[in-house]
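Peer 1: Quick one, structure for this:
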Amino acid sequence: MSAAQPVKPGVTAPTYDVSQPLDLDYVGAFADITPEERAHQLAVREFVQEHVLPVIDGYWERAEVPFELVKELAARDFLRDGVTVPGRPEVSFVAEGLAAMEMSRGDGSIATVCGVQGGLALRSIMMHGSPEQIARYAEPMANGDVLGAFALTEPTHGSDSVSLETSARRETRDGVEGYVINGEKKWIGFGSCGHIAVVWARLEDDGQVHGFIVPQDAPGYTATTIEGKVALRAIWQAHIVLDDVFVPLDAALPGATSFKATSEVLFATRLSVAWSAVGHAVACYEAAVEYAGQRIQFGRPLAANQLVQERLARMLSTISQLQLLVVRLTRLAEAGELTGAQASLAKYSCTRGAREVAALARDMLGGNGILLANRVARHFADVEALHTYEGTESMNALIVGRDITGLSAFA
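Peer 2: This is a model prediction of the structure:
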């Protein structure tokens, strides 16, 4: 444990160093990761320590996107979030998960940048795009030259996104065949500051949900950055209005012709969200351990108190269980054996656990726990967003419940 900065007793408030990684793996959950996976994890951790932690509090407090960090992510090939891109090295599922954990350990907004750009927007194109679309967008998106959004959620359709109302119809304009898209989207990361958006809309011809690549500067595309957020403040999310937005035929993703395609993208990212939750929990635990060793009360460190040690043990127990869960399910995913219900259980368990750890850490730090400089408050807030997106706790519980009972309780 680091020592608190020496100060004049009783006059100047001490500062605490709670930013150092503890390389937490108490039960050997990561004992079988390969050297390549470990190297990828440590490379992301180094990026977090050297580039994210020194500056992120300011961006978070000002609600600004650190675009220079986005370019740094791209330069280190972290922006694609492990999505396979031709000509770039393959990243294993476990390495991708470890990266998500380390990125979230640094900051939830930065992890979400990778999740939106790579995990959702780029993955949609790689999974369902044409060869021409992949050739046009894959490398520029991995390089950060083209920023993408994933426009699914609507103001009145969140958990029931399968019922989305944004529409698309075939039309010819000025001799060009294409589609006209109308509707609204909300909570769309990079939707107001990117270059393209993968928009999911219901095609009038067949009533099915299709995917379209829509330039954000297209006439009729209006995006307003959502203000007043208390979580994920260093990434902008948008409320998008699509008013007779015209795109040519080749803007449609040929493999995205039903909501099944949308679900395939979301399924591929659900484990990454679970890993991210573990990262938030680890960050809060690290801060609590370091703070407990440095904070002096009643003439001794907080860490010397039974109640504090019990809470640290409880936090460690939760994190260890979550680490074992995500590693096991990620190995199943690599073998092609992961079920949707198992992915939902991972997301459900990890975000619940992260919330509990964050709450304990916030309480342990007392008044200092609400200061950005001590890490916990930022993670405490960001976990709330993570708990909701990519399927709320209730929706994931119902997916698992349906698998247990064979009965659907969504209605």
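
Peer 1: ranges for the helices of the chain?
Peer 2: 35-47, 56-62, 67-75, 93-106, 108-114, 123-128, 131-142, 259-294, 306-334, 340-364, 376-388, 393-405 (DSSP state H).

Peer 1: most packed of those?
Peer 2: Of all those, helix 108-114 has the most neighbours on average by mean count of other CB atoms under 10 Å, namely a mean of 29. C-beta here means a position set from N, CA and C on the backbone, and glycine is covered the same way.

Peer 1: tell me the phi and psi of residue 392?
Peer 2: phi -70, psi 170 (degrees, to the nearest 10).

Peer 1: State the pLDDT value of the closest residue to it other than its chain neighbours.
Peer 2: Leaving aside its sequence neighbours, residue 392 sits nearest to residue 159 (CB to CB, 6 or more residues apart in numbering; 5.7 Å). Per-residue pLDDT puts residue 159 at 80.

Peer 1: got it, and the one 5 residues further on?
Peer 2: At residue 164 the predicted local distance difference test score is 94.

Peer 1: Looks like it contacts residue 157 (just checking).
Peer 2: Yes. In this structure, residue 164 is within contact of residue 157 by CB atoms under 8 Å, at 5.0 Å.

Peer 1: Who has more neighbours out of those two?
Peer 2: residue 164 (22 against 18; other CB atoms under 10 Å).

Peer 1: ok, that one - contacts?
Peer 2: Counting by CB atoms under 8 Å, 6 or more residues apart in numbering, residue 164 makes contact with 152, 154, 157, 183, 200-202, 209.

Peer 1: If we only consider the residues you listed, which is nearest to residue 395?
Peer 2: Checking the contacts of residue 164 against residue 395 with CB to CB, the nearest one is residue 157 at 12.6 Å.

Peer 1: before we move on, back to that, least confident pick among the contacts of residue 164?
Peer 2: Lowest confidence among those: residue 157, with 88.

Peer 1: For burial, what's the neighbour tally of residue 27?
Peer 2: 13.

Peer 1: Now do it against residue 324, distance only.
Peer 2: Residue 27 is 7 Å from residue 324, where distance means CB to CB, to the nearest Å.

Peer 1: domains in the protein, as residue ranges please.
Peer 2: 35-142, 148-258, 260-405 (automatic domain parsing).

Peer 1: Residue 13: which of those is closest?
Peer 2: domain 260-405 (8.9 Å).

Peer 1: need the contact list for the nearest residue to residue 116 once chain neighbours are set aside.
Peer 2: Nearest residue to residue 116, sequence neighbours excluded (CB to CB, 6+ apart): residue 189, at 3.8 Å. Residue 189 makes contact with 112-113, 115-116, 149-150, 235-238, according to CB under 8 Å, 6+ apart.

Peer 1: now, among those residues, which is nearest to residue 300?
Peer 2: Nearest to residue 300, judged by CB to CB, of the contacts of residue 189 is residue 112 at 39.9 Å.

Peer 1: I'd say that closest one and residue 235 touch.
Peer 2: Yes. If you go by CB under 8 Å, residue 112 and residue 235 touch, sitting 5.1 Å apart.

Peer 1: now the domains of the chain in CSV, with distance to residue 20?
Peer 2: Output for the domains of the chain, formatted as CSV (distance: least, CB to CB, whole Å):
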stretch, distance to residue 20
domain 35-142, 8
domain 148-258, 22
domain 260-405, 7
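
Peer 1: To residue 16, which of the ones you listed lies closest?
Peer 2: Across the domains of the chain (criterion: CB to CB), the nearest stretch is domain 260-405, sitting at 5.0 Å.

Peer 1: For the closest one, the averaged confidence score.
Peer 2: In the prediction, domain 260-405 has an average pLDDT of 95.

Peer 1: Name the nearest residue to residue 132, sequence neighbours excluded.
Peer 2: Per CB to CB, 6+ apart, closest to residue 132 is residue 250, 7.0 Å.

Peer 1: quick one: the residue nearest to residue 392 from residue 134, how far?
Peer 2: 31 Å.

Peer 1: swap in residue 396?
Peer 2: 31 Å.

Peer 1: Which residues are in contact with the residue lying closest to residue 80 once chain neighbours are set aside?
Peer 2: Take residue 80 and drop its neighbours on the chain: the residue closest to it by CB to CB, 6+ apart is residue 118, 4.1 Å away. Listed by CB under 8 Å, 6+ apart, the contact set of residue 118 reads 79-83, 141-142.

Peer 1: swap in residue 219?
Peer 2: By CB under 8 Å, 6+ apart, the contact list for residue 219 reads 245-246.

Peer 1: Report the angle between the lengthiest strand in the chain and helix 376-388.
Peer 2: Determined from DSSP state E, the single longest strand within the chain is strand 176-189. For strand 176-189 against helix 376-388, the angle by axes from the mean of the first three to the mean of the last three CA atoms, to 10 degrees is 130 degrees.

Peer 1: residues of strand 176-189 that come out buried?
Peer 2: Neighbour counts using 16 or more other CB atoms under 10 Å place 178-189 of strand 176-189 among the buried residues.

Peer 1: now do stretch 234-249
Peer 2: 234-242, 245-247.

Peer 1: Let me know the closest of those to residue 125.
Peer 2: Distances from residue 125 to the buried residues of stretch 234-249, taken by CB to CB, are shortest for residue 247, at 14.3 Å.

Peer 1: The closest one: what's it in contact with?
Peer 2: With contact set as CB under 8 Å, 6+ apart, residue 247 has these partners: 178-179, 181, 212-215, 218.

Peer 1: can you redo these as JSON lines with pLDDT and distance to residue 98?
Peer 2: JSON lines is the format used below for the contacts of residue 247 (pLDDT from 0 to 100; distance: CB to CB, whole Å):
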{"residue": "178", "pLDDT": "98", "distance to residue 98": "42"}
{"residue": "179", "pLDDT": "98", "distance to residue 98": "40"}
{"residue": "181", "pLDDT": "98", "distance to residue 98": "38"}
{"residue": "212", "pLDDT": "98", "distance to residue 98": "33"}
{"residue": "213", "pLDDT": "98", "distance to residue 98": "30"}
{"residue": "214", "pLDDT": "98", "distance to residue 98": "33"}
{"residue": "215", "pLDDT": "98", "distance to residue 98": "34"}
{"residue": "218", "pLDDT": "98", "distance to residue 98": "38"}
